[in-house]
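K.L.:
fold the following for me, if possible:
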Amino acid sequence: MAAQGRGRVVAVAAAALVLCVLLHGADSAVFTVGDRGGWTFNSNTWTNGKRFKAGDVLVFKYDSSAHNVVSVNAAGYKGCSAPRGAKVYSSGNDRVTLARGTNYFICSIPGHCQSGMKIAVNAA
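P.N.:
Below you'll find the predicted structure:
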């Protein structure tokens with residue numbers, strides 16, 4: 001009888017854990033950077049009017065033979081340069097989960113960041 005009671009407690013705890021995971025995932029939103037136009041030149045204004053939270057997912061869609069996505073710091077964003085060790089994405093369909101605070105991304109192909117292929121996303 002005691003084993004049966006423990007089994008129910010474990011089952012209820014497991015169900016509660018699954019529910020918490022599902023609910024946490026439901027709070028996250030998925031955004032395609034650049035909307036239908038994708039990650040391209042003049043993307044730097046794409047964030048205007050949008051609200052982001054930590055855990056939201058950005059999807060970068062682009063021609064991988066012409067562009068990339070690099071996660072950079074504020075200096076890399078401002079100077080359009082990828083610091084040593086920066087995370088580089090190059091699949092053409094990259095999914096990046098936002099961390100709390102400002103998340104910076106650039107295209108590191110020469111001249112692309114300077115032409116607006118960069119975004120700064122503040123996640124609350």
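
K.L.:
residues contacting residue 92?
P.N.:
61, 62, 63, 64, 67 (CB atoms under 8 Å, 6 or more residues apart in numbering). Heads up, the C-betas are built off the backbone N, CA and C, glycines and all.

K.L.:
one more: residue 107?
P.N.:
39, 67, 68, 69, 70, 113, 117, 118.

K.L.:
burial count for the nearest residue to it once chain neighbours are set aside?
P.N.:
In space, and not counting its chain neighbours, residue 107 is closest to residue 117: 3.7 Å by CB to CB, 6 or more residues apart in numbering. Residues lying near residue 117 (other CB atoms under 10 Å) number 25.

K.L.:
after the lowest-mean-pLDDT helix or strand in the chain, next one along is what?
P.N.:
In the chain, no helix or strand scores lower on mean pLDDT, DSSP states H and E than helix 2-27, which sits at a mean of 53. On the C-terminal side of helix 2-27, the closest following helix or strand by DSSP states H and E is strand 30-32.

K.L.:
buried ones in the helix or strand that that next one is followed by?
P.N.:
Next helix or strand after strand 30-32 toward the C-terminus (DSSP H and E): strand 57-61. Judged by neighbour count using 16 or more other CB atoms under 10 Å, the buried positions of strand 57-61 are 58, 60, 61.
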